[in-house]
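Enquirer: sequence and computational prediction follow.
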Amino acid sequence: MNSTLAHMRTFNRPIRLLLINQLGINIGFYMLMPYLAGHLSGKLAMAAWAVGLVLGVRNLSQQGMFLLGGSLADRLGCKPLILAGLALRVAGFGLLGFVTSLPALIVASLLTGLAGALFNPAVRAYLAVEAGDRKTEAFALFNVFYQAGILIGPMIGLALIGTSFRWVCITAAVLFGLLLILQARALPTRRTAPDAPAQSILADWRHVIGNRPFLLFSLAMIGSYVLNFQIYLALPIRAREITGGEAGVTAMFVVSGLLTVTGQVPLTRWIMSRCSPQTAIVRGLWLMAAAFLPLALTSGVGQAEPGIIGQAVALVSLLASTVLLTLATMIVYPFEMTTIITLAGQRLIGTSYGLYNTIAGIGITVGNLLTGVALDASHSPGLAAVTWIALILTGTACASAVALLAHRGHLTPRASEPTATPNPAPISKHRS
């Protein structure tokens, strides 16, 4: 961890601020969101359909508005979108702690999701522009702080939930308020391009959608997001089957978080010295597909009172899959983020991230639905491994598709593509 912090200090102040900002965003988000469903169904006694509606509105508003948020970052600059998103989170999380009616909760959930749609593409676009030629290293660090927030947030939330869910919401809102003040005062203004765009937003969208290599890469990577999301869906379900409670889930998230926090930077450095970004992505995707093999091989173990040995074997296979999936994500993520900018030709960076996230979000939604069907089917005789086999095949298809794009040269910039200077001049004269 000391080497990671030392590596962080080699970047300029704006990047360090963005890393701290993302750490705070994830701490605030994950101290609250894991306990929201329990609050709605428990203390507020809401029906399951209402709980699903509130949670679904947040996801839909975030995924559905990513493209617009990214486009606004290209036009207005990244900082205003980051600040607007943080302000909406303050309002959304504050409301969640005080309102009890379904319409008010939907409004709070809508604000919370819209906040993410505004600051997520803007933060990534700002980081990409500010990092210049060190994009891959910067995104490796970004993933460290991102995962550290996921690791820390639920523990803070668990400590506060004993007091009341309202105090969880207040604490999260205050944290986002502090981030808002910090970024407003210390983060320099940046645009993703030196000049304001001359064409309409719709023309920007047509340009990005018409970028065939970028669109093909976005579609090919959908499978990786479906697989990566299983750490929140299929793997926790399997963990509860094995342990009969939350112990396995906790162990899984702790292992994943610690591995990312301690290993992301040295792993990325090691890969950068040995292979190209395209090769790293493809190899990481193959590992992502292989991550579900331990679960497929032990799918019938750990159920129906298996005994201590069977439970231990099942738990080891779960943790092995968790480690492999985490390592695969660590390999892919920094190079994936850099490739998006490469394929965008250093143009319309926010819009490109916005469209990429929208496509990934749609893929996750469909993938989770199909994974749920497979999980239900796995309880039938002879079909215990069907979920894990389906995920392995999904990963295989994803890795093969990206490998084919790389083989045909679609993942390298074309000579005719325009490039931007690594660090365009800020609109504001304030610099740290």
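Expert: It's in. Residues are numbered from 1 along each chain as shown.

Enquirer: and the most centrally placed residue in the chain, helix, strand or coil?
Expert: Nearest to the mean C-alpha position of the chain, by C-alpha atoms, centre = their mean, lies Tyr146 at 8.1 Å. Three-state call for Tyr146 (DSSP: H, G, I helix; E, B strand; the rest coil): helix.

Enquirer: ok, Lys43 next?
Expert: Lys43 ends up coil, using three-state DSSP.

Enquirer: Provide a list of residues in contact with it.
Expert: Phe165 (C-beta atoms under 8 Å, 6 or more residues apart in numbering). To be clear about C-beta, it is placed using only N, CA and C from the backbone, and glycine gets the same treatment.

Enquirer: that one and Arg269, how far apart?
Expert: 47 Å (C-beta to C-beta, to the nearest Å).

Enquirer: same check, this time on Leu227
Expert: 25 Å.

Enquirer: when those two are compared, which one has more neighbours?
Expert: Neighbours per residue (other C-beta atoms under 10 Å) separate Leu227 from Arg269, with Leu227 holding more: 25 against 15.

Enquirer: I'd say that one and Ala290 touch.
Expert: No - if you go by C-beta atoms under 8 Å, Leu227 and Ala290 don't touch, sitting 10.7 Å apart.

Enquirer: list residues touching both of those two?
Expert: Common neighbours of Leu227 and Ala290 are listed as Gly395 (criterion: C-beta under 8 Å, 6+ apart).

Enquirer: what is the mean pLDDT for stretch 296-309?
Expert: Mean per-residue pLDDT for stretch 296-309: 72.

Enquirer: measure it end to end?
Expert: 18 Å (C-alpha to C-alpha, to the nearest Å).

Enquirer: Pro14: neighbour count?
Expert: Counted with other C-beta under 10 Å, Pro14 comes out at 24.

Enquirer: helix or strand for it, which one?
Expert: helix 13-41 (DSSP states H and E).

Enquirer: can you tell me which helices and strands that helix packs against?
Expert: helix 48-76, helix 78-96, helix 102-131, helix 135-161, helix 165-186 (3 or more C-beta pairs under 8 Å, 6 or more residues apart in numbering; DSSP states H and E).

Enquirer: which parts of stretch 345-365 are buried?
Expert: 345-361, 363-364 (16 or more other C-beta atoms under 10 Å).

Enquirer: oh, that last question was meant for stretch 315-329, not what I typed.
Expert: Quick answer for stretch 315-329 (16+ other C-beta under 10 Å): 315, 317-329.

Enquirer: again, but for stretch 42-50
Expert: 44, 46, 50.

Enquirer: all helices of the stretch 301-432 of the chain, in order?
Expert: In the stretch 301-432 of the chain, the segments counted as helices under DSSP state H, counting those that start in this stretch are 307-344, 349-377, 386-407.

Enquirer: thank you kindly, that will do.
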